[in-house]
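Peer 1: got a structure for you, letters missing:
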């Protein structure tokens, strides 16, 4: 599959997502991937911590087994085969 087809498929799938936590996770991965470096400034780090703490205070988080639905099934199977 070429890059344009892959991008189109991804956009189509993202449009179907109704889970805000999943969208935020995708956004974080995209922002990380779009940066030239993997490092961020101390200011950005502190901003992200503040945002994360605010989400936790609002109850926007999941624990343990509750978050498994956010991981694609293929990745869960891969991890199970490699790790167990």
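Peer 2: Yep, that arrived. Being a predicted model, the structure only gives us computed values, none of them experimental.
Peer 1: which outside residues touch stretch 42-60?
Peer 2: Applying Cβ atoms under 8 Å, 6 or more residues apart in numbering, the contact partners of stretch 42-60 are 20-21, 40, 61. Quick note: C-beta positions are derived from backbone N, CA and C, even for glycine.
Peer 1: could the residues you listed go into a markdown table alongside pLDDT?
Peer 2: Output for these, formatted as a markdown table (pLDDT from 0 to 100):
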| residue | pLDDT |
| --- | --- |
| 20 | 87 |
| 21 | 86 |
| 40 | 75 |
| 61 | 79 |
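Peer 1: Which stretches in the chain count as strands?
Peer 2: For the chain, applying DSSP state E gives no strands.
Peer 1: how about the helices of it, start to end?
Peer 2: In the chain, the helices defined using DSSP state H lie at 3-15, 20-34, 42-57, 73-83.
Peer 1: related to what we said a few turns ago, let's have the contacts of stretch 42-60 in a markdown table, adding distance to residue 9 and neighbour count.
Peer 2: Output for these, formatted as a markdown table (distance: Cβ to Cβ, whole Å; neighbours: other Cβ atoms under 10 Å):
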| residue | distance to residue 9 | neighbour count |
| --- | --- | --- |
| 20 | 22 | 10 |
| 21 | 22 | 15 |
| 40 | 29 | 14 |
| 61 | 29 | 12 |
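Peer 1: And the furthest pair within those?
Peer 2: For the contacts of stretch 42-60, the maximum inter-member distance is 22.4 Å, found between 20 and 40 (Cβ to Cβ).
Peer 1: what's the least confident helix or strand in this structure, going by average pLDDT?
Peer 2: helix 73-83 (a mean of 50; mean pLDDT, DSSP states H and E).
Peer 1: How is this structure divided into domains?
Peer 2: Each domain of the chain is listed here as a residue range: 1-37, 40-84, per automatic domain parsing.
Peer 1: Quickly, which of the ones you listed bottoms out on average pLDDT?
Peer 2: Mean pLDDT is lowest for domain 40-84 out of the domains of the chain, coming in at a mean of 74.
Peer 1: Please tell me how far residue 25 sits from residue 12.
Peer 2: Applying Cβ to Cβ, to the nearest Å, the value for residue 25 to residue 12 is 18 Å.
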